[in-house]
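[1] All I have is the shape, not the residue letters:
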């Protein structure tokens with residue numbers, strides 16, 4: 001008996017390799033998958049603005065990165081004892097405006113360099129609901145707990161999203177003709193307005209992505225993260241305690257399906273060897289100063305050297321530093 005509905009992933013998916021440069025932007029799901037890609041030693045830039053939920057805030061962030069924008073004090077506002085950017089997640093907020101500007105512009109600089117050599121852009125849309133600043137009319141990336149009276153809340157239309165992304169992607173492809181774009185809808189449920197409103201929001205995103213795929217056939221790919229959680233897993237045991245966010249088990253399953261769709265055999269072997277190195281570093285010795293443990297660390301360094309000789313583009317700087325620090329104890 002088949003006790004669940006399998007979600008089919010097309011076989012013509014683009015293969016991701018460790019040679020390519022990836023950028024992931026969007027909701028918490030982009031952060032989760034991005035963290036696993038970084039752990040697997042992919043060259044990634046993940047959410048340089050922090051988590052962004054709606055498609056138009058994501059596209060606005062990409063335009064700012066590409067335009068060379070530098071943030072100044074005029075781009076910030078003060079509330080609750082901290083300075084904030086309406087385009088950025090609260091991770092960037094701080095009591096000192098200079099600190100906020102330094103962190104924002106540092107990430108912008110890195111993202112700009114990344115965008116110039118980008119091979120794969122993965123965007124995760126979370127909701128089609130947006131908040132427009134009551135004074136400027138601009139869609140904000142984050143409300144930073146300001147009163148709702150400061151904003152106008154509305155749901156984007158399919159046409160609005162499609163028109164915006166046709167313009168954005170056409171510009172990006174002029175700069176990077178070989179850029180591959182992966183779109184996905186976050187399985188995280190936005191239940192504030194009820195489940196029906198959440199479904200309407202997700203449906204808007206799905207219809208917009210489908211229209212973009214038809215417009216740019218062979219250049220845009222859709223990964224069914226939303227369907228995997230809602231159709232294949234389809235059970236509250238795959239959600240966290242809030243019954244809204246996916247559990248670690250669910251994220252791990254989606255990552256497994258993503259790996260099957262996107263990674264070639266050699267890529268999977270690199271990931272496995274990298275994970276083995278990470279597991280070895282997590283080993284807690286009874287006697288860190290012992291010769292036996294130092295030999296164990298030496299074996300890790302040899303494994304890293306062997307992998308780097310074969311794949312010189314893999315970054316094991318952090319792992320090397322850990323080994324060298326422990327060897328000095």
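    Received the coordinates, thanks. Treat the numbers as computed from the prediction; the structure is a model and nothing was measured.

[2] okay, CA-based contacts and neighbour counts for the rest of this
    Fine.

[3] who are the neighbours in contact with the nearest residue to residue 221 once chain neighbours are set aside?
    Leaving aside its chain neighbours, residue 221 sits nearest to residue 182 (4.7 Å; criterion: Cα to Cα, 6 or more residues apart in numbering). Applying Cα atoms under 8 Å, 6 or more residues apart in numbering to residue 182 gives the contacts 120, 121, 122, 123, 220, 221, 222, 223.

[4] ranking the residues you listed by neighbours, who comes first?
    Highest neighbour count within the contacts of residue 182, by other Cα atoms under 10 Å: residue 123, with 25 neighbours.

[5] Now the helix or strand harbouring that one: average pLDDT?
    Per DSSP states H and E: residue 123 is located in strand 120-125. If you average the pLDDT over strand 120-125, you get 97.

[6] Stretch 153-173 too?
    97.

[7] so how far is it from its chain's centroid?
    Averaging C-alpha positions (Cα atoms, centre = their mean, to the nearest Å) puts stretch 153-173 19 Å from its chain's average.

[8] swap in stretch 112-120?
    On the basis of Cα atoms, centre = their mean, stretch 112-120 is displaced by 15 Å from the centre of the chain it belongs to.

[9] got a list of what residue 121 touches?
    With Cα under 8 Å, 6+ apart, residue 121 has these contacts: 22, 23, 24, 179, 180, 181, 182.

[10] List the beta-bridge partners for it.
    Residue 121 has these beta-bridge partners by DSSP bridges: residue 23, residue 181.

[11] which ones are touching the nearest residue to residue 327 once chain neighbours are set aside?
    With sequence-adjacent residues excluded and distances taken as Cα to Cα, 6+ apart, residue 327 is closest to residue 294, at 5.9 Å. Applying Cα under 8 Å, 6+ apart, we find residue 294 in contact with 288, 326, 327.

[12] Nearest to residue 134 among these?
    residue 326 (54.8 Å; Cα to Cα).

[13] Let me know the helix or strand that the closest one is in.
    Element membership for residue 326 (DSSP H and E) is helix 317-327.

[14] ok, now residue 25?
    strand 21-26.

[15] next one: residue 105
    According to DSSP H and E, residue 105 maps onto helix 97-116.

[16] picking up where we left off before, packing partners for the strand holding residue 25?
    For strand 21-26, the elements it packs on are helix 28-39, strand 43-46, helix 55-67, helix 97-116, strand 120-125, judged by 3 or more Cα pairs under 8 Å, 6 or more residues apart in numbering; DSSP states H and E.

[17] where does the chain have low pLDDT?
    Along the chain, the parts satisfying pLDDT under 70 run over 329.

[18] still on that earlier bit, as JSON lines, the contacts of residue 182 with distance to residue 238 would be great.
    Below are those laid out as JSON lines (distance: Cα to Cα, whole Å):
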{"residue": "120", "distance to residue 238": "29"}
{"residue": "121", "distance to residue 238": "27"}
{"residue": "122", "distance to residue 238": "24"}
{"residue": "123", "distance to residue 238": "23"}
{"residue": "220", "distance to residue 238": "29"}
{"residue": "221", "distance to residue 238": "26"}
{"residue": "222", "distance to residue 238": "22"}
{"residue": "223", "distance to residue 238": "19"}
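
[19] what's the closest of those to residue 310?
    residue 120 (23.2 Å).

[20] what's next to stretch 228-235, contact-wise?
    The contact list for stretch 228-235 (Cα under 8 Å, 6+ apart) reads 4, 5, 6, 7, 187, 238, 246, 250, 254.

[21] Endpoints of it, how far apart?
    One end of stretch 228-235 sits 11 Å from the other (Cα to Cα, to the nearest Å).

[22] any chance you could map the strands in the stretch 201-329 of the chain?
    Ranges of strands in the stretch 201-329 of the chain, per DSSP state E, counting those that start in this stretch, are 220-222.

[23] which strands and helices sit next to the helix holding residue 326?
    helix 291-310.

[24] ok so, going back, so which other helices or strands are in contact with the helix holding residue 105?
    Packed next to helix 97-116, using 3+ Cα pairs under 8 Å, 6+ apart, are strand 21-26, helix 55-67, strand 82-84.

[25] which residues sit against the longest one?
    In other words, helix 55-67. 25-26, 49, 52, 87, 108, 111-112, 115, 123, 125-128, 139-141, 161, 164-165, 168.

[26] which ones are touching residue 146?
    residue 79.

[27] circling back: next, the buried residues of the helix holding residue 105.
    Of all the residues in helix 97-116, those buried under the rule 16 or more other Cα atoms under 10 Å are 97, 100, 101, 104, 105, 107, 108, 109, 111, 112, 114, 115.

[28] And the first one, how close does it get to residue 84?
    It refers to residue 97. Distance from residue 97 to residue 84, by Cα to Cα: 8 Å.

[29] Mind listing the shared neighbours of those two?
    residue 76.

[30] follow-up on the earlier one: going through the contacts of stretch 228-235, which ones are buried?
    Buried among the contacts of stretch 228-235 (16+ other Cα under 10 Å): 7, 187, 238, 246, 250, 254.
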